[in-house]
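In: This is a predicted model, with the sequence first.
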There are 2 protein chains.
Amino acid sequence: MCLKFDHGDRTLHEENTTVLSQRRYVSAYGYEQAKALTFSNYGEPPSVLSLHSHSISPPHNDLMTLRFLASPINPADINQIQGVYPSKPNFTTSLGTADPIAVAGNEGVAEIIALGDKVKSEGFKKGDWVFMKGPGFGTWRTHASATIDQVVKLDDEMRQGISPIQAGTISINPCTAYRMLRDFTTLSEGEWFIQNGANSGVGRAAIQLGKKWGYKSINIIRGRDDKAAEDKLKKELKELGADVVITDTELQSQGIEDMSKEWTNGGREPIKLALNCVNGKAATAMAKLLSSSAHFVTYGAMSKQPLTIPASMLIFKNIHFHGFWVSRWAEKHPDEKKTTVADVLEMTRKGEFRDIPVDEIRWEWETKGEELIAKVKSTLEGYREGKGVFVFGKT
Amino acid sequence: MCLKFDHGDRTLHEENTTVLSQRRYVSAYGYEQAKALTFSNYGEPPSVLSLHSHSISPPHNDLMTLRFLASPINPADINQIQGVYPSKPNFTTSLGTADPIAVAGNEGVAEIIALGDKVKSEGFKKGDWVFMKGPGFGTWRTHASATIDQVVKLDDEMRQGISPIQAGTISINPCTAYRMLRDFTTLSEGEWFIQNGANSGVGRAAIQLGKKWGYKSINIIRGRDDKAAEDKLKKELKELGADVVITDTELQSQGIEDMSKEWTNGGREPIKLALNCVNGKAATAMAKLLSSSAHFVTYGAMSKQPLTIPASMLIFKNIHFHGFWVSRWAEKHPDEKKTTVADVLEMTRKGEFRDIPVDEIRWEWETKGEELIAKVKSTLEGYREGKGVFVFGKT
């Protein structure tokens, strides 16, 4: 089931040739045939999603036609389809429907396969890889028409040695981890951060980035009935660079404060930052391990619980509680986003940043809608081992 | 019952004369007779407090003898006696007991009635007024022995036109309000803050400081069964400078978001700061009225509930949650404390800062311990109308 992409191993010149020689479903008049997972009403993804076929007219002026390479299934995408995500998708009739529809998906990497003159004059060319500038573009589709201001080009040198899956999954999770480690407090080498959901895409990115920058980490994972699997996961995270890995049960056990002191050299090495995607009691328990005047950053709430903070933690321990949303950050700091992505890609190239475990969902031209939607459903229900990523065939 | 202090109406020269001519209980050898509300074990104030008499030897070198003028009963003092306050009092046998005891009370203003040579050489003189530099000194007492580094002198020009009650209640509540309005975000003129416990010492100070600086305020008070009393209080706070005063019931009613929009010019004037001393549901309801990226500062928890924060408030609305503890702030910023106090005293002198309603508890030489402790108990139980302040007779 592993689709081999060869972009990563070629020079740019070869790349362009490859693109040009691809077999494509193009009509006699130059119209690109496209398929997209769309929805016209908010609801549970299996009920509201459908595969819609349409055609894209040849690009002119500031338009370009994109062919998607890899688009992940993120929790935010699911929330967006459910209608509970603050960033709303664009419902439109421009894809040839009577009623407005929106294309699902927010993250992904695409390749320019045709472009208008204005796009060319701004330095884009066929074969360039682009990200979406913000959320809501719709990335769960084989092709799309885009304007210059909707995309960010991945510079040629940044692309070297990078696979589409690596490029297509970098702008949300690794960026989230990177900015949370950097933007709320200044950790010095040898100082600690603590995080829950350590096995997630963000968690794994934080472990690796922290390791590179000399920060130590306490990592909390969900306990498993299968102890062998739990131990395997702990080992895996330690291999990524985690200093300590514990389960949520261990976190909420009696001796945790003593253990924490032991890890941090009797408490002399401060735990200055917490990264939280769980909320509920387990998050409060994590906050209790923080040093005085530390910062606690929430970027998710997998338990679907609110965060409960004792007054003394605020008043006397002076812990600061913040939230982080990568879409807002990227919108406010487009240049910083570019350098953040470049930095992680550089680490990836050097072998310092390992991919998250990915469950590739191959999307060929002939793949049926039901099949794709079933994969979204199984991701939604947590049945998949790695992160679900649509990987598009060369149609 | 109102004890008239005349310090406020005199020049410094007259002041010193007054002090020198006071009748004092001084033994033949120059020992000062003192009484203090003390405790040897943590517990409920009525059970553990007792009035202890002792004598203070004549000061030499870096010692000074203080006569207290006014010492308030703050919630933190009660918590300290109960043993649940992080700043612990000093248990000592230096007051002539076999077992260590601590003197209650953290805030107050005292007058120097005798001083050692080193104290003189550092610019102190008889009749000077001093505050306590940090918490834990013990201010519920008629006299005390202190060293230079335990006190902060109230400069002569700062004292002009200021009563002992004004001076004795300025270093906790008005400082708390002042720093919370200034240190977490930058409010511009015409921008809003919102606070609960608006009727408290901090609340009233925030209203007046905010008004002076051009900030608008939404003020939340506890609803009362007696509607006339509720309306009277609303009117009183508006006279202090409150723009909007509502009850906690009104805050948690359905139409509150629309009302808030109306007050803030359709939401165009942002609510950038919240001050919270209540916690629980009412605090969460207050946070919901904040504008995006606002700051929420907790300095108390009168409901004895924790603070519950929905994840979306952190992640998507980007609200930052902090705590404020004036003791920690003062310890870190001693110079800023002096300028903050000076600023509020200046406002007081100009008639721009009104005293909180005070319930004076007169403490004469002959006042019985049971009587004083009963007053602490009634303050603790909320039976008193104004803030309980010990006002010391000229013993």
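Out: Nice, thanks for sending it over. Everything quoted here is computed from the prediction, not taken from an experiment. Numbers count the residues shown, from 1 in each chain, chains lettered A, B, ... in the order given.

In: quick one: contacts of the longest helix seen in chain A?
Out: Assignment by DSSP state H gives helix A:334-349 as the longest helix of chain A. The contact list for helix A:334-349 (Cβ atoms under 8 Å, 6 or more residues apart in numbering or on different chains) reads A:131, A:133, A:152, A:154-155, A:158-162, A:166-167, A:170-171, A:174-175, A:178-179, A:205, A:208-209, A:212, A:329-330, A:353, A:355. In short, each C-beta sits where N, CA and C put it, glycine included.

In: Walk me through the domains of chain A.
Out: Using the TED database, the domains assigned to chain A come out as A:32-169+A:356-392, A:172-328.

In: Show me the one of these that comes nearest chain B.
Out: With respect to chain B, and counting by Cβ to the nearest Cβ, the nearest of the domains of chain A is domain A:172-328 at 2.9 Å.

In: Just give me the neighbour total for A:Gly210.
Out: Neighbours of A:Gly210 under the rule other Cβ atoms under 10 Å in any protein chain shown: 26.

In: Show me what the host helix or strand of it is packed against.
Out: In the assignment (DSSP states H and E), A:Gly210 maps to helix A:201-212. Other elements packing on helix A:201-212 under the criterion 3 or more Cβ pairs under 8 Å, 6 or more residues apart in numbering or on different chains; DSSP states H and E are helix A:173-183, strand A:192-195, strand A:216-221, helix A:227-240, strand A:271-276, helix A:334-349.

In: Just put these in JSON lines and tack on mean neighbour count and mean pLDDT.
Out: Listed next are the helices and strands packed on helix A:201-212 as JSON lines, based on neighbours: other Cβ atoms under 10 Å in any protein chain shown; pLDDT from 0 to 100:
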{"stretch": "helix A:173-183", "mean neighbour count": "23", "mean pLDDT": "97"}
{"stretch": "strand A:192-195", "mean neighbour count": "27", "mean pLDDT": "98"}
{"stretch": "strand A:216-221", "mean neighbour count": "26", "mean pLDDT": "98"}
{"stretch": "helix A:227-240", "mean neighbour count": "14", "mean pLDDT": "96"}
{"stretch": "strand A:271-276", "mean neighbour count": "26", "mean pLDDT": "98"}
{"stretch": "helix A:334-349", "mean neighbour count": "17", "mean pLDDT": "93"}
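
In: Tell me the buried residues in the helix holding A:Gly210?
Out: Residues of helix A:201-212 classed as buried by neighbour count (16 or more other Cβ atoms under 10 Å in any protein chain shown): A:Gly201, A:Val202, A:Gly203, A:Arg204, A:Ala205, A:Ala206, A:Ile207, A:Gln208, A:Leu209, A:Gly210, A:Lys211.

In: Which one of those is nearest to A:Gly241?
Out: Closest approach to A:Gly241 among these (Cβ to Cβ): A:Lys211, at 2.9 Å.

In: Run through the residues that contact the nearest residue in space to the closest one that is not next to it in sequence.
Out: Counting by Cβ to Cβ, 6 or more residues apart in numbering or on different chains, the nearest residue to A:Lys211 once its immediate chain neighbours are dropped is A:Gly241, at 2.9 Å. A:Gly241 is in contact with A:Ile207, A:Gln208, A:Gly210, A:Lys211, A:Lys212, A:Ser217, counting by Cβ under 8 Å, 6+ apart.

In: again, only this time at 10 Å
Out: Counting by Cβ atoms under 10 Å, 6 or more residues apart in numbering or on different chains, A:Gly241 touches A:204, A:206-212, A:215-217, A:219, A:352, A:354.

In: and it, how far is that from A:Tyr215?
Out: From A:Gly241 across to A:Tyr215, the span is 10 Å (Cβ to Cβ, to the nearest Å).

In: and if you look at A:Trp365?
Out: With Cβ to Cβ as the criterion, A:Trp365 and A:Tyr215 are 45 Å apart.

In: Now do the contacts for A:Ala144.
Out: A:32, A:34, A:36, A:56, A:64-68, A:95, A:103, A:108, A:110, A:132, A:137-138, A:150-151.

In: at 6 Å instead, please
Out: A:Leu66 (Cβ atoms under 6 Å, 6 or more residues apart in numbering or on different chains).

In: just checking, next helix/strand downstream of the helix or strand encompassing it?
Out: Element membership for A:Ala144, per DSSP H and E: strand A:143-147. Of the helices and strands lying after strand A:143-147 in sequence (DSSP H and E), the nearest is strand A:151-154.

In: Would you mind listing the buried residues in whichever helix or strand comes after that next one?
Out: Note on strand A:151-154: by DSSP H and E, the next helix or strand toward the C-terminus is helix A:156-159. By neighbour count on 16+ other Cβ under 10 Å, the buried set for helix A:156-159 is A:Met158, A:Arg159.

In: again with stretch A:258-272
Out: Result for stretch A:258-272 [16+ other Cβ under 10 Å]: buried residues A:Met259, A:Ser260, A:Trp263, A:Thr264, A:Pro270, A:Ile271, A:Lys272.

In: Name the residues of chain A found near chain B, please.
Out: A:86, A:279, A:298, A:301, A:306-311, A:314-316, A:318, A:320-323, A:325 (Cβ under 6 Å from any Cβ of the partner chain).

In: quick one on the thing from earlier: could I get the buried residues of helix A:201-212 as a markdown table with distance to B:Val245 and pLDDT?
Out: Listed next are the buried residues of helix A:201-212 as a markdown table, based on distance: Cβ to Cβ, whole Å; pLDDT from 0 to 100:
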| residue | distance to B:Val245 | pLDDT |
| --- | --- | --- |
| A:Gly201 | 48 | 92 |
| A:Val202 | 44 | 95 |
| A:Gly203 | 46 | 96 |
| A:Arg204 | 51 | 96 |
| A:Ala205 | 48 | 97 |
| A:Ala206 | 45 | 98 |
| A:Ile207 | 50 | 98 |
| A:Gln208 | 53 | 97 |
| A:Leu209 | 49 | 98 |
| A:Gly210 | 48 | 98 |
| A:Lys211 | 53 | 97 |
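
In: Show me which positions of stretch A:291-309 end up buried.
Out: For stretch A:291-309, by 16+ other Cβ under 10 Å, it's A:291, A:294-303, A:305-309.

In: Return the member of the buried residues of stretch A:258-272 nearest to A:Asp117.
Out: The closest of those, once distances to A:Asp117 are taken by Cβ to Cβ, is A:Lys272, at 52.1 Å.

In: Let me see the contact set for the residue nearest to A:Val326 when sequence neighbours are not counted.
Out: Ranked by Cβ to Cβ, 6+ apart and with sequence neighbours excluded, the top spatial neighbour of A:Val326 is A:Thr176, at 4.6 Å. Counting by Cβ under 6 Å, 6+ apart, A:Thr176 touches A:Val202, A:Tyr299, A:Val326.

In: what's the answer for A:Ser291, then?
Out: A:Pro270, A:Ile271.

In: helix/strand/coil for it?
Out: coil (DSSP: H, G, I helix; E, B strand; the rest coil).

In: A:Phe124 now?
Out: Assignment for A:Phe124 (three-state DSSP): coil.

In: can you list contacts of the helix holding A:Gly210?
Out: A:173-174, A:176-178, A:181, A:195, A:197, A:217, A:240-242, A:275, A:352-353, A:356, A:387.

In: how near is A:Pro334 to A:Ser327?
Out: 12 Å.

In: quick one, the lengthiest strand in chain A and strand A:143-147 angle?
Out: Secondary structure of chain A per DSSP state E: the longest strand is strand A:63-72. Interaxial angle, strand A:63-72 versus strand A:143-147 (axes from the mean of the first three to the mean of the last three Cα atoms, to 10 degrees): 120 degrees.
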